[in-house]
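**Student:** below: sequence and its predicted model.
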2 protein chains.
Amino acid sequence: MSARPEPNPADPVDAIIEQWARVRPDLDTAGMEVFGRVYRLARAMGDRHERVYAPFGISRGEFDVLATLRRAGEPYTLSPRQLSATLMLTTGGMTGRLDKLERAGLLRRSPDPHDRRGLQVTLTEEGLRLIDEAVVAGVTEQSRALAALGPERSALLADLLRDLLLATER
Amino acid sequence: MSARPEPNPADPVDAIIEQWARVRPDLDTAGMEVFGRVYRLARAMGDRHERVYAPFGISRGEFDVLATLRRAGEPYTLSPRQLSATLMLTTGGMTGRLDKLERAGLLRRSPDPHDRRGLQVTLTEEGLRLIDEAVVAGVTEQSRALAALGPERSALLADLLRDLLLATER
DNA sequence: AACAAGTAGCTTAGGGCTAAGCTACTTACG
DNA sequence: CGTAAGTAGCTTAGCCCTAAGCTACTTGTT
(Lines give C-alpha, C1' and ligand atoms only; values in the text may rest on other atoms or scores of the structure.)
Protein backbone atom coordinates (compact mmCIF):
# COMPACT_ATOMS: atom_id res chain seq x y z
CA MET A 1 0.00 0.00 0.00
CA SER A 2 3.05 2.26 0.33
CA ALA A 3 4.07 4.55 -2.55
CA ARG A 4 7.59 3.20 -2.82
CA PRO A 5 8.19 -0.53 -3.11
CA GLU A 6 9.43 -2.38 -0.05
CA PRO A 7 13.09 -3.25 -0.53
CA ASN A 8 12.84 -6.33 1.72
CA PRO A 9 10.49 -9.28 1.67
CA ALA A 10 8.33 -9.60 4.75
CA ASP A 11 9.40 -11.85 7.64
CA PRO A 12 7.37 -13.38 10.49
CA VAL A 13 7.90 -10.29 12.62
CA ASP A 14 6.38 -8.09 9.93
CA ALA A 15 3.30 -10.31 10.04
CA ILE A 16 3.00 -9.91 13.81
CA ILE A 17 3.40 -6.15 13.62
CA GLU A 18 0.79 -5.93 10.90
CA GLN A 19 -1.61 -7.92 13.07
CA TRP A 20 -1.12 -5.51 15.92
CA ALA A 21 -1.70 -2.56 13.57
CA ARG A 22 -5.11 -3.98 12.71
CA VAL A 23 -6.32 -4.46 16.28
CA ARG A 24 -4.34 -1.79 18.15
CA PRO A 25 -3.36 0.94 15.66
CA ASP A 26 -2.40 3.20 18.57
CA LEU A 27 0.50 0.94 19.55
CA ASP A 28 4.09 2.05 18.89
CA THR A 29 5.58 -1.15 17.46
CA ALA A 30 9.01 0.23 16.50
CA GLY A 31 10.60 -1.75 19.32
CA MET A 32 9.23 -5.03 18.01
CA GLU A 33 10.96 -4.44 14.68
CA VAL A 34 14.25 -4.83 16.51
CA PHE A 35 13.60 -6.96 19.59
CA GLY A 36 11.13 -9.33 17.98
CA ARG A 37 13.85 -10.20 15.50
CA VAL A 38 16.53 -10.37 18.17
CA TYR A 39 14.48 -12.96 20.08
CA ARG A 40 13.78 -15.08 17.02
CA LEU A 41 17.38 -14.89 15.84
CA ALA A 42 18.69 -15.94 19.24
CA ARG A 43 16.37 -18.90 19.26
CA ALA A 44 16.98 -19.99 15.66
CA MET A 45 20.75 -19.66 15.91
CA GLY A 46 20.74 -21.30 19.34
CA ASP A 47 18.99 -24.33 17.88
CA ARG A 48 21.51 -24.50 15.06
CA HIS A 49 24.41 -24.33 17.48
CA GLU A 50 22.88 -27.09 19.55
CA ARG A 51 22.91 -29.30 16.47
CA VAL A 52 26.47 -28.29 15.58
CA TYR A 53 27.81 -29.28 19.01
CA ALA A 54 25.78 -32.46 19.34
CA PRO A 55 28.29 -34.60 17.38
CA PHE A 56 30.90 -33.60 19.98
CA GLY A 57 28.66 -34.94 22.71
CA ILE A 58 28.14 -31.56 24.38
CA SER A 59 25.28 -29.09 24.69
CA ARG A 60 25.52 -25.37 24.01
CA GLY A 61 25.79 -24.62 27.72
CA GLU A 62 28.61 -27.12 28.12
CA PHE A 63 30.33 -25.66 25.07
CA ASP A 64 30.24 -22.28 26.79
CA VAL A 65 31.99 -23.67 29.86
CA LEU A 66 34.77 -25.28 27.83
CA ALA A 67 35.12 -22.21 25.61
CA THR A 68 35.47 -19.91 28.62
CA LEU A 69 38.26 -22.07 30.01
CA ARG A 70 39.94 -22.23 26.60
CA ARG A 71 39.76 -18.46 26.15
CA ALA A 72 41.43 -17.93 29.50
CA GLY A 73 44.62 -19.40 28.03
CA GLU A 74 47.11 -21.70 29.73
CA PRO A 75 46.81 -23.41 32.10
CA TYR A 76 43.07 -23.35 31.19
CA THR A 77 42.04 -22.92 34.79
CA LEU A 78 39.28 -20.89 36.40
CA SER A 79 37.23 -21.18 39.59
CA PRO A 80 33.57 -22.25 39.50
CA ARG A 81 32.79 -18.78 40.77
CA GLN A 82 34.55 -17.09 37.85
CA LEU A 83 32.80 -19.42 35.43
CA SER A 84 29.33 -18.84 36.83
CA ALA A 85 29.88 -15.08 36.83
CA THR A 86 31.08 -15.07 33.22
CA LEU A 87 28.27 -17.32 32.04
CA MET A 88 25.62 -15.48 34.08
CA LEU A 89 24.64 -18.68 35.84
CA THR A 90 23.81 -19.43 39.48
CA THR A 91 26.29 -21.54 41.40
CA GLY A 92 23.73 -24.34 41.47
CA GLY A 93 23.54 -24.44 37.71
CA MET A 94 27.31 -24.33 37.48
CA THR A 95 27.66 -27.35 39.77
CA GLY A 96 25.47 -29.35 37.40
CA ARG A 97 27.39 -28.43 34.28
CA LEU A 98 30.73 -29.14 35.92
CA ASP A 99 29.46 -32.53 37.14
CA LYS A 100 28.55 -33.55 33.62
CA LEU A 101 31.75 -32.28 32.03
CA GLU A 102 33.92 -33.85 34.73
CA ARG A 103 32.15 -37.19 34.28
CA ALA A 104 32.83 -36.92 30.54
CA GLY A 105 36.52 -36.40 31.31
CA LEU A 106 36.63 -32.97 29.67
CA LEU A 107 37.66 -31.09 32.79
CA ARG A 108 38.98 -31.71 36.29
CA ARG A 109 38.14 -30.15 39.65
CA SER A 110 41.00 -29.68 42.12
CA PRO A 111 41.35 -27.80 45.40
CA ASP A 112 42.47 -24.18 45.22
CA PRO A 113 45.89 -24.11 46.96
CA HIS A 114 45.38 -20.55 48.21
CA ASP A 115 41.78 -20.75 49.44
CA ARG A 116 40.51 -23.91 51.03
CA ARG A 117 36.89 -22.95 50.32
CA GLY A 118 37.52 -22.82 46.59
CA LEU A 119 38.15 -25.12 43.64
CA GLN A 120 40.07 -24.86 40.43
CA VAL A 121 38.48 -26.13 37.26
CA THR A 122 40.95 -27.15 34.56
CA LEU A 123 40.50 -28.39 30.99
CA THR A 124 41.86 -31.91 30.47
CA GLU A 125 43.84 -32.67 27.33
CA GLU A 126 40.76 -34.31 25.91
CA GLY A 127 38.67 -31.25 26.80
CA LEU A 128 41.21 -28.98 25.12
CA ARG A 129 41.22 -31.07 21.97
CA LEU A 130 37.42 -31.16 21.87
CA ILE A 131 36.83 -27.45 22.39
CA ASP A 132 39.50 -26.57 19.81
CA GLU A 133 37.57 -28.54 17.23
CA ALA A 134 34.09 -27.56 18.37
CA VAL A 135 34.81 -23.84 18.35
CA VAL A 136 35.79 -24.02 14.69
CA ALA A 137 32.52 -25.78 13.90
CA GLY A 138 30.68 -23.08 15.84
CA VAL A 139 32.19 -20.04 14.14
CA THR A 140 31.85 -21.76 10.78
CA GLU A 141 28.12 -22.10 11.36
CA GLN A 142 27.93 -18.42 12.29
CA SER A 143 29.86 -17.38 9.19
CA ARG A 144 27.54 -19.43 7.04
CA ALA A 145 24.56 -17.52 8.43
CA LEU A 146 26.26 -14.14 8.01
CA ALA A 147 27.22 -14.85 4.40
CA ALA A 148 23.72 -13.77 3.34
CA LEU A 149 24.46 -10.22 4.50
CA GLY A 150 27.94 -9.75 3.14
CA PRO A 151 30.90 -8.34 5.08
CA GLU A 152 30.03 -4.62 5.02
CA ARG A 153 26.46 -5.03 6.16
CA SER A 154 27.58 -7.58 8.77
CA ALA A 155 30.06 -5.09 10.21
CA LEU A 156 27.41 -2.37 10.22
CA LEU A 157 25.00 -4.71 11.99
CA ALA A 158 27.65 -5.54 14.59
CA ASP A 159 28.25 -1.86 15.29
CA LEU A 160 24.56 -1.12 15.75
CA LEU A 161 24.16 -4.13 18.02
CA ARG A 162 27.13 -3.03 20.11
CA ASP A 163 25.57 0.37 20.72
CA LEU A 164 22.24 -1.17 21.60
CA LEU A 165 23.84 -3.72 23.89
CA LEU A 166 25.80 -1.05 25.73
CA ALA A 167 22.58 0.91 26.22
CA THR A 168 20.60 -2.13 27.33
CA GLU A 169 22.97 -4.09 29.53
CA ARG A 170 23.21 -1.42 32.15
CA MET B 1 46.46 -0.39 18.11
CA SER B 2 44.52 0.45 14.92
CA ALA B 3 45.48 3.48 12.82
CA ARG B 4 42.02 5.02 12.96
CA PRO B 5 40.29 5.60 16.27
CA GLU B 6 37.49 3.21 17.23
CA PRO B 7 34.16 5.02 16.90
CA ASN B 8 32.49 2.86 19.57
CA PRO B 9 33.45 2.02 23.12
CA ALA B 10 34.16 -1.66 23.71
CA ASP B 11 31.44 -3.96 25.01
CA PRO B 12 31.66 -7.39 26.69
CA VAL B 13 31.61 -9.13 23.32
CA ASP B 14 34.66 -7.17 22.20
CA ALA B 15 36.46 -8.45 25.29
CA ILE B 16 35.60 -12.06 24.46
CA ILE B 17 36.71 -11.67 20.84
CA GLU B 18 39.97 -10.11 21.95
CA GLN B 19 40.57 -13.03 24.29
CA TRP B 20 40.07 -15.49 21.45
CA ALA B 21 42.45 -13.47 19.26
CA ARG B 22 45.17 -13.93 21.85
CA VAL B 23 44.83 -17.71 22.18
CA ARG B 24 43.46 -18.69 18.76
CA PRO B 25 44.47 -15.97 16.27
CA ASP B 26 43.50 -18.27 13.40
CA LEU B 27 39.80 -18.14 14.37
CA ASP B 28 37.34 -16.18 12.22
CA THR B 29 35.37 -14.36 14.89
CA ALA B 30 33.22 -12.19 12.59
CA GLY B 31 30.16 -14.26 13.48
CA MET B 32 30.59 -13.57 17.20
CA GLU B 33 30.43 -9.84 16.54
CA VAL B 34 26.82 -10.34 15.52
CA PHE B 35 25.56 -13.47 17.26
CA GLY B 36 27.37 -12.92 20.54
CA ARG B 37 25.51 -9.62 20.80
CA VAL B 38 22.23 -11.11 19.65
CA TYR B 39 22.40 -13.67 22.47
CA ARG B 40 23.25 -11.12 25.11
CA LEU B 41 20.61 -8.68 23.90
CA ALA B 42 17.95 -11.38 23.91
CA ARG B 43 18.86 -12.28 27.45
CA ALA B 44 19.14 -8.73 28.80
CA MET B 45 15.93 -7.56 27.18
CA GLY B 46 14.17 -10.78 28.19
CA ASP B 47 15.05 -10.11 31.82
CA ARG B 48 13.75 -6.56 31.54
CA HIS B 49 10.49 -7.74 30.04
CA GLU B 50 10.10 -10.28 32.81
CA ARG B 51 10.30 -7.42 35.31
CA VAL B 52 7.90 -5.26 33.30
CA TYR B 53 5.21 -7.97 33.25
CA ALA B 54 5.69 -9.08 36.85
CA PRO B 55 3.39 -6.37 38.28
CA PHE B 56 0.62 -7.79 36.08
CA GLY B 57 1.15 -11.19 37.68
CA ILE B 58 2.28 -12.89 34.47
CA SER B 59 5.57 -14.19 33.09
CA ARG B 60 6.95 -13.41 29.66
CA GLY B 61 5.75 -16.74 28.30
CA GLU B 62 2.25 -16.11 29.62
CA PHE B 63 2.33 -12.62 28.13
CA ASP B 64 3.07 -14.20 24.76
CA VAL B 65 0.00 -16.43 24.99
CA LEU B 66 -2.31 -13.55 25.87
CA ALA B 67 -0.72 -11.31 23.23
CA THR B 68 -1.19 -13.94 20.53
CA LEU B 69 -4.88 -14.23 21.39
CA ARG B 70 -5.23 -10.44 21.47
CA ARG B 71 -3.55 -10.03 18.09
CA ALA B 72 -5.94 -12.52 16.54
CA GLY B 73 -8.74 -9.99 17.05
CA GLU B 74 -12.32 -10.70 18.12
CA PRO B 75 -13.49 -13.04 19.43
CA TYR B 76 -9.92 -13.56 20.77
CA THR B 77 -10.09 -17.29 20.18
CA LEU B 78 -7.47 -19.79 18.98
CA SER B 79 -6.89 -23.49 19.46
CA PRO B 80 -4.09 -24.78 21.71
CA ARG B 81 -2.56 -26.20 18.56
CA GLN B 82 -2.46 -22.81 16.84
CA LEU B 83 -0.99 -21.24 19.94
CA SER B 84 1.75 -23.82 20.38
CA ALA B 85 2.66 -23.56 16.69
CA THR B 86 2.84 -19.75 16.83
CA LEU B 87 4.83 -19.75 20.05
CA MET B 88 7.13 -22.59 18.93
CA LEU B 89 6.19 -24.64 21.97
CA THR B 90 5.39 -28.32 22.37
CA THR B 91 1.82 -29.23 23.22
CA GLY B 92 2.99 -30.30 26.66
CA GLY B 93 4.41 -26.88 27.38
CA MET B 94 1.25 -25.25 26.06
CA THR B 95 -0.94 -27.30 28.39
CA GLY B 96 1.01 -25.94 31.35
CA ARG B 97 0.74 -22.31 30.31
CA LEU B 98 -2.97 -22.62 29.61
CA ASP B 99 -3.53 -24.28 32.99
CA LYS B 100 -1.92 -21.35 34.78
CA LEU B 101 -3.71 -18.67 32.76
CA GLU B 102 -7.06 -20.42 33.09
CA ARG B 103 -6.61 -20.71 36.86
CA ALA B 104 -5.82 -16.98 36.94
CA GLY B 105 -9.10 -16.30 35.10
CA LEU B 106 -7.38 -14.69 32.11
CA LEU B 107 -8.62 -17.18 29.54
CA ARG B 108 -11.18 -19.95 29.17
CA ARG B 109 -11.03 -23.35 27.48
CA SER B 110 -14.16 -24.59 25.72
CA PRO B 111 -14.85 -27.48 23.34
CA ASP B 112 -14.43 -26.84 19.63
CA PRO B 113 -17.95 -27.17 18.14
CA HIS B 114 -16.60 -28.45 14.82
CA ASP B 115 -13.97 -30.93 16.02
CA ARG B 116 -14.58 -32.93 19.13
CA ARG B 117 -10.84 -33.60 19.57
CA GLY B 118 -10.09 -29.91 19.84
CA LEU B 119 -10.49 -26.98 22.19
CA GLN B 120 -10.99 -23.28 21.79
CA VAL B 121 -9.02 -20.94 23.99
CA THR B 122 -10.61 -17.54 24.51
CA LEU B 123 -9.49 -14.43 26.36
CA THR B 124 -11.77 -13.49 29.25
CA GLU B 125 -12.71 -9.86 29.76
CA GLU B 126 -10.18 -9.70 32.55
CA GLY B 127 -7.55 -11.23 30.27
CA LEU B 128 -8.33 -8.70 27.55
CA ARG B 129 -8.05 -5.81 29.97
CA LEU B 130 -4.78 -7.11 31.34
CA ILE B 131 -3.07 -7.75 28.01
CA ASP B 132 -4.18 -4.37 26.67
CA GLU B 133 -2.38 -2.71 29.55
CA ALA B 134 0.62 -5.02 29.62
CA VAL B 135 1.38 -4.69 25.94
CA VAL B 136 1.69 -0.93 26.32
CA ALA B 137 4.15 -1.43 29.18
CA GLY B 138 6.09 -3.87 27.00
CA VAL B 139 6.48 -1.70 23.92
CA THR B 140 7.27 1.28 26.13
CA GLU B 141 10.18 -0.65 27.63
CA GLN B 142 11.40 -1.51 24.14
CA SER B 143 11.15 2.07 22.96
CA ARG B 144 13.13 3.20 25.99
CA ALA B 145 15.95 0.83 25.01
CA LEU B 146 15.87 1.90 21.36
CA ALA B 147 16.00 5.59 22.22
CA ALA B 148 19.78 5.29 22.55
CA LEU B 149 20.07 4.54 18.84
CA GLY B 150 17.68 7.10 17.42
CA PRO B 151 14.99 6.41 14.83
CA GLU B 152 17.13 6.18 11.67
CA ARG B 153 19.69 3.79 13.10
CA SER B 154 16.90 1.76 14.70
CA ALA B 155 15.18 1.37 11.33
CA LEU B 156 18.47 0.42 9.70
CA LEU B 157 19.10 -2.14 12.42
CA ALA B 158 15.62 -3.59 11.93
CA ASP B 159 16.24 -3.97 8.18
CA LEU B 160 19.55 -5.76 8.69
CA LEU B 161 17.98 -8.05 11.28
CA ARG B 162 15.11 -8.88 8.95
CA ASP B 163 17.52 -9.98 6.22
CA LEU B 164 19.55 -12.05 8.65
CA LEU B 165 16.43 -13.62 10.14
CA LEU B 166 15.10 -14.58 6.72
CA ALA B 167 18.44 -16.20 5.91
CA THR B 168 18.66 -18.00 9.26
CA GLU B 169 15.13 -19.20 9.95
CA ARG B 170 14.99 -21.53 7.00
C1' DA C 1 43.09 -13.60 69.91
C1' DA C 2 38.18 -13.56 69.17
C1' DC C 3 34.35 -12.86 66.64
C1' DA C 4 31.24 -10.83 63.13
C1' DA C 5 30.68 -10.56 58.40
C1' DG C 6 31.55 -12.14 53.95
C1' DT C 7 32.49 -15.70 50.36
C1' DA C 8 32.94 -20.54 47.91
C1' DG C 9 30.66 -24.37 46.40
C1' DC C 10 27.00 -27.75 47.18
C1' DT C 11 22.19 -29.38 48.10
C1' DT C 12 17.26 -29.19 47.83
C1' DA C 13 12.72 -27.81 46.21
C1' DG C 14 10.26 -26.17 42.64
C1' DG C 15 9.29 -24.25 37.85
C1' DG C 16 9.11 -24.76 32.96
C1' DC C 17 10.48 -26.99 29.16
C1' DT C 18 10.96 -31.26 25.74
C1' DA C 19 10.29 -35.98 24.03
C1' DA C 20 7.58 -39.75 23.98
C1' DG C 21 3.46 -42.06 24.57
C1' DC C 22 -1.56 -42.12 25.50
C1' DT C 23 -6.74 -41.75 24.27
C1' DA C 24 -10.21 -39.79 21.57
C1' DC C 25 -11.57 -38.25 17.43
C1' DT C 26 -11.33 -37.11 12.29
C1' DT C 27 -10.01 -37.85 7.51
C1' DA C 28 -8.67 -40.43 3.40
C1' DC C 29 -8.97 -44.41 0.75
C1' DG C 30 -9.91 -48.94 -1.14
C1' DC D 1 -18.43 -48.31 4.65
C1' DG D 2 -14.97 -49.78 7.16
C1' DT D 3 -10.47 -49.47 8.26
C1' DA D 4 -5.82 -47.30 8.28
C1' DA D 5 -3.53 -43.21 8.94
C1' DG D 6 -3.38 -38.80 10.82
C1' DT D 7 -4.32 -35.17 14.37
C1' DA D 8 -5.75 -32.78 19.06
C1' DG D 9 -4.68 -32.29 23.60
C1' DC D 10 -3.03 -34.39 27.88
C1' DT D 11 0.24 -37.05 30.91
C1' DT D 12 4.63 -38.63 32.42
C1' DA D 13 9.61 -38.83 32.94
C1' DG D 14 13.55 -36.42 32.70
C1' DC D 15 16.59 -32.26 32.01
C1' DC D 16 18.33 -27.86 33.31
C1' DC D 17 17.66 -23.91 35.44
C1' DT D 18 16.82 -20.62 39.79
C1' DA D 19 16.19 -19.31 44.68
C1' DA D 20 17.17 -20.30 49.10
C1' DG D 21 19.63 -22.41 52.58
C1' DC D 22 23.68 -25.13 54.20
C1' DT D 23 28.71 -25.91 55.80
C1' DA D 24 33.34 -24.67 55.54
C1' DC D 25 36.56 -21.33 55.20
C1' DT D 26 38.50 -16.44 54.93
C1' DT D 27 38.73 -11.56 55.98
C1' DG D 28 38.14 -7.44 58.69
C1' DT D 29 37.55 -5.33 63.22
C1' DT D 30 38.53 -4.61 67.70
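**Tutor:** Here it is on my side, so go on.

**Student:** for chain A, which segments are assigned as helices?
**Tutor:** Taking DSSP state H, the helices of chain A run over residues A:12-23, A:30-53, A:60-71, A:80-86, A:91-103, A:125-146, A:151-168.

**Student:** count of neighbours near A:R153?
**Tutor:** Using other C-beta atoms under 10 Å in any protein chain shown, the number of residues around A:R153 comes to 16. (Each C-beta comes from the backbone N, C-alpha and C, glycine too.)

**Student:** the residue lying closest to it once chain neighbours are set aside and A:N8, how far apart?
**Tutor:** Computed as C-beta to C-beta, 6 or more residues apart in numbering or on different chains, the closest residue to A:R153 that is not its neighbour in sequence is B:L160, at 6.0 Å. For B:L160, the distance to A:N8 equals 10 Å [C-beta to C-beta, to the nearest Å].

**Student:** these two - which one has more neighbours?
**Tutor:** Ranked by neighbour count (other C-beta under 10 Å), B:L160 and A:N8 place B:L160 first, with 22 against 12.

**Student:** which residues touch that one?
**Tutor:** Shown in contact with B:L160 (C-beta atoms under 8 Å, 6 or more residues apart in numbering or on different chains): A:149, A:153, A:156-157, A:160.

**Student:** next one: the nearest residue to A:R70 once chain neighbours are set aside relative to DNA strand D, how far apart?
**Tutor:** Distances taken as C-beta to C-beta, 6+ apart place A:I131 nearest to A:R70, at 4.7 Å, with adjacent residues excluded. From A:I131 across to DNA strand D, the span is 17 Å (C-beta to the nearest atom of the strand, to the nearest Å).

**Student:** give me the number of residues near A:I131?
**Tutor:** Neighbours of A:I131 using other C-beta under 10 Å come to 27.

**Student:** so it makes contact with A:L66?
**Tutor:** Yes - using C-beta atoms under 8 Å, A:I131 is in contact with A:L66, at 4.0 Å.

**Student:** which residues do these two both contact?
**Tutor:** Here A:I131 and A:L66 have A:106, A:123 as joint contacts, going by C-beta under 8 Å, 6+ apart.

**Student:** ok, the residue nearest to A:R70 - contacts?
**Tutor:** The contact partners of A:I131, taken as C-beta under 8 Å, 6+ apart, are A:63, A:66-67, A:69-70, A:106, A:123.

**Student:** thanks again, I'm all set now.
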